[in-house]
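K.L.:
Generate coordinates for the sequence data below:
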Amino acid sequence: FIWEDEKSEVSQATEENSVQNAKEINRDDITCAICLLVLREPVQAVKCGHRFCEKCIGEFHLQNPGKCPKDWQEIQVFPDVGKKREILSLKIRCPNFVDGCTWQNELREKEVHLKTCGFVTVPCELDCGEFVLRKNITNHVDTVCPMVSSCEYKDLGCYFK
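P.N.:
Prediction:
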């Protein structure tokens with residue numbers, strides 16, 4: 001398993017909350033040479049073989065057209081479909097596993113999972129300004145939301161003060 005922290009490098013197993021089997025993953029093989037995160041829409045340089053996120057190399061080439069940021073050779077890049085498939089097949093934990101989510105699956109399933117994950121923080125649906133875990137939103141609205149009043153029609157769904 002791997003897990004990814006969007007603000008840091010690819011994370012690997014060393015801590016109690018980290019991922020299993022990370023020793024089997026070659027970190028350099030799935031990491032962008034520019035942002036040092038897991039490759040997103042990977043491209044590969046034809047001559048030197050370095051890999052980058054499509055967006056990262058595109059931004060780099062705005063200032064340094066046609067150069068490799070690792071060895072400064074002239075390069076052309078191509079979409080690395082095989083590497084993308086490999087990365088999307090990696091087993092990950094939910095980014096919210098530290099909060100209790102036990103979901104584990106392939107990286108390609110992450111966005112689908114996050115749409116329903118109970119451990120994602122969401123804004124109150126009554127716009128009270130509070131952010132609560134999705135799994136707790138019903139309890140929040142029913143018991144503590146300041147937008148719910150003691151209106152005589154509260155039992156019928158009225159939330160006006």
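K.L.:
what residues are up against residue 86?
P.N.:
Neighbouring residues of residue 86 by CB atoms under 8 Å, 6 or more residues apart in numbering: residue 30. Placement of C-beta: from N, CA and C, glycine included.
K.L.:
Which residues does stretch 131-148 contact?
P.N.:
99, 116-128, 130, 154, 159, 161.
K.L.:
Go through it and flag the buried ones.
P.N.:
132, 133, 134, 137, 140, 141, 145, 148 (16 or more other CB atoms under 10 Å).
K.L.:
hang on, the earlier thing: go through the contacts of stretch 131-148 and flag which are in strands.
P.N.:
121, 122, 123 (DSSP state E).
K.L.:
quick one: which of those is most hemmed in?
P.N.:
residue 122 (16 neighbours; other CB atoms under 10 Å).
K.L.:
That one and residue 143, how far apart?
P.N.:
As for residue 122, its distance to residue 143 is 17 Å (criterion: CB to CB, to the nearest Å).
K.L.:
so where's the longest helix in this protein?
P.N.:
helix 54-63 (DSSP state H).
K.L.:
Now that one: buried residues?
P.N.:
By neighbour count with 16+ other CB under 10 Å, helix 54-63 contains the buried residues 54, 56, 57, 60.
K.L.:
Same check on stretch 27-46?
P.N.:
Quick answer for stretch 27-46 (16+ other CB under 10 Å): 30-35, 37-39, 42-45.
K.L.:
List just the nearest of these to residue 103.
P.N.:
Using CB to CB, residue 38 is the member of those that lies nearest residue 103, at 17.8 Å.
K.L.:
for the closest one, phi and psi?
P.N.:
phi -60, psi 130 (degrees, to the nearest 10).
K.L.:
what does the one 3 residues further on give?
P.N.:
Reported as degrees, to the nearest 10, the phi and psi values for residue 41 are phi 50, psi 60.
K.L.:
give me every residue that touches it.
P.N.:
Counting by CB under 8 Å, 6+ apart, residue 41 touches 53, 54, 55, 79, 84.
K.L.:
was I right about the third one contacting residue 40?
P.N.:
Yes. At 7.0 Å, residue 55 and residue 40 qualify as touching, with contact defined as CB atoms under 8 Å.
K.L.:
No further questions, thank you.
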